[in-house]
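Chemist: All I have is the shape, not the residue letters:
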């Protein structure tokens, strides 16, 4: 199994910056893609950014040019640098990993972190 632990959330003023981190731990796995999703109150959980094992990235239109996703493959850690934050970025941010888990039969699974709150005040 894979455990994901996020950190770095908090309260920041509009225009400020935060950096989220998510470390994957466990044994017998290799990670394909890692990403960040967010869920605001009363809304669905939506993709913010994703980074694949080859370094390719995708971003939600609403964060392009403001957020940057990066990854340390050796440490199985993904980061989200968030700049020029807006009140509408307020949400719980969840780390996500798509991994191959090795066992008697290898299988592919998706894992989630517990979420970290990001609040942007106006």
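Modeler: Yes, it's here. Because the structure is predicted, anything quoted here is derived from the model rather than measured.

Chemist: Where do the strands of the protein begin and end?
Modeler: 2-7, 10-13, 18-26, 29-39, 45-51, 57-59, 67-72, 77-82, 91-101, 107-112, 116-121 (DSSP state E).

Chemist: Please tell me how far the closest residue to residue 3 other than its chain neighbours sits from residue 73.
Modeler: Spatial nearest neighbour of residue 3, excluding adjacent residues (Cβ to Cβ, 6 or more residues apart in numbering): residue 25 at 5.1 Å. The way it works is simple: take the backbone N, C-alpha and C, and place the C-beta from them, glycine included. From residue 25 across to residue 73, the span is 14 Å (Cβ to Cβ, to the nearest Å).

Chemist: Look at residue 69 and report its pLDDT.
Modeler: We note a pLDDT of 98 for residue 69 in this prediction.

Chemist: I meant to write residue 109 there.
Modeler: pLDDT, residue 109: 94.

Chemist: now do residue 3
Modeler: Residue 3 is given a pLDDT of 95.

Chemist: ok, it touching residue 24?
Modeler: Yes - contact criterion Cβ atoms under 8 Å: residue 3 and residue 24 qualify, at 7.1 Å.

Chemist: Overlap in contacts, the two.
Modeler: Taking Cβ atoms under 8 Å, 6 or more residues apart in numbering as the criterion, residue 3 and residue 24 both touch residue 111.

Chemist: Counting neighbours around each, name which of those two comes out higher.
Modeler: residue 24 (20 against 12; other Cβ atoms under 10 Å).

Chemist: Please determine how far the closest residue to that one other than its chain neighbours is located from residue 35.
Modeler: Residue nearest to residue 24 in three dimensions, not counting chain neighbours: residue 76, with 4.0 Å by Cβ to Cβ, 6+ apart. As judged by Cβ to Cβ, residue 76 and residue 35 stand 14 Å apart.

Chemist: ok, now residue 121?
Modeler: Taking Cβ to Cβ, one finds residue 121 at 26 Å from residue 35.
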